[in-house]
Structures are given as structure tokens and as C-alpha cells.
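>>> okay, predicted coordinates and the sequence, questions at the end:
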Amino acid sequence: MGRAFAEPAELANWVRRIQKCLLSREVLYSVNYPELSIPVKEGRNPPFIIITAIENASTKRPAYAEYLRNDLIPAYKKAGVDGVLVSRRRFGTNARQWLMITFLDKMAELDEPHPLMKSLGQEKWGELRRKGGALIVHRQRYVFAPQPDLSFVT
């Protein structure tokens, strides 16, 4: 876990010092959807995080939520995937953007077939992707290696 700050003044001082090192920053507010998520098993601490930002047309947002609820998340559960967190950006940013966070135990997993392709087979995996793809206007994926010693917890 990252560093906790005992006093608000200590956090404010840290923020002032770190801002000297930044060219820009973006603060995002997201609403989590626990009913569309699969928690990471207790004790598992994956070293890598994949954040997939999925944007859909505002008219497709309810359909995409339905797709997540009825198709994609059940497929992840069936495949035994450990840890899928779903949220949607809100307030002052692009509310059409969903964030899906998944986890990797090793970078080599990026070279392996997708867990849903392994579980469903290539044909059904393709059908699932096409169904979701029809609801998406843009998708971007980021892979992070968290640095707990450089992080803080409020």
C-alpha cells in the first residue's frame, strides 16, 4: 500500500512539491459499478493493471450497460477471470466513457490469447466482440505497473 498522510497540511505540502515536477495533470471522477465487476481475490496483488477506456455514443450508453451486464461480465465470470472492475466517468468529463480495469500477473500474458477466447472459443469470442464493438466509438488501452512506494493513500 502507498503512503498515508497523517495531516491535511502534510498532504498539501507533498502536492506543492510534486507539482513542480509536472507538466500537466488530469483529475477524473468515476462512479464504480460493483454489480458489473468481479473483485480481485483476497491476497492477490497483481503487479500490472490494464485500463481500457471505452467510449460510446450517448444514445448507446444504456445498451452498453446491458451488454456488460448480460454478456461480457458473465463471460468473464464463466472464464474464471479474477478481477474486472467497471466504472464510468462522470462530472466535468466525458460521461460516455466507461473504464474497465483488469489485472496481469506477468507481462507475458499480453502475448497469450485473451482469456475469453480461451474460454468461449474463437467463434463465440468474435461474436461477443462484434456485439460490443457495435456499441463503441473509440477504445484505448493502457498498461500500468503501479509503484506503491511512489503512491499515497488518503
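Right, received. Where do you want to start?
>>> okay, now residue 66: neighbour count?
Neighbourhood size, residue 66 [other CB atoms under 10 Å]: 11. (C-beta placed from N, C-alpha, C; glycine too.)
>>> distance check, it against residue 53.
Computed with CB to CB, to the nearest Å, the distance linking residue 66 and residue 53 is 20 Å.
>>> identify each buried residue in the strand or helix carrying residue 126, please.
According to DSSP states H and E, residue 126 maps onto helix 122-133. Neighbour-count burial for helix 122-133, counted by 16 or more other CB atoms under 10 Å, picks out 125, 128, 132.
>>> distance of the residue nearest to the first one when sequence neighbours are not counted from residue 10?
On the basis of CB to CB, 6 or more residues apart in numbering, the spatially nearest residue to residue 125 that is not a chain neighbour turns out to be residue 117, at 4.2 Å. Computed as CB to CB, the residue 117 to residue 10 distance reads 48 Å.
>>> then residue 70?
46 Å.
>>> more neighbours: which of the two?
Regarding residue 70 and residue 10, a neighbour count based on other CB under 10 Å identifies residue 10 as having more, with 13 against 10.
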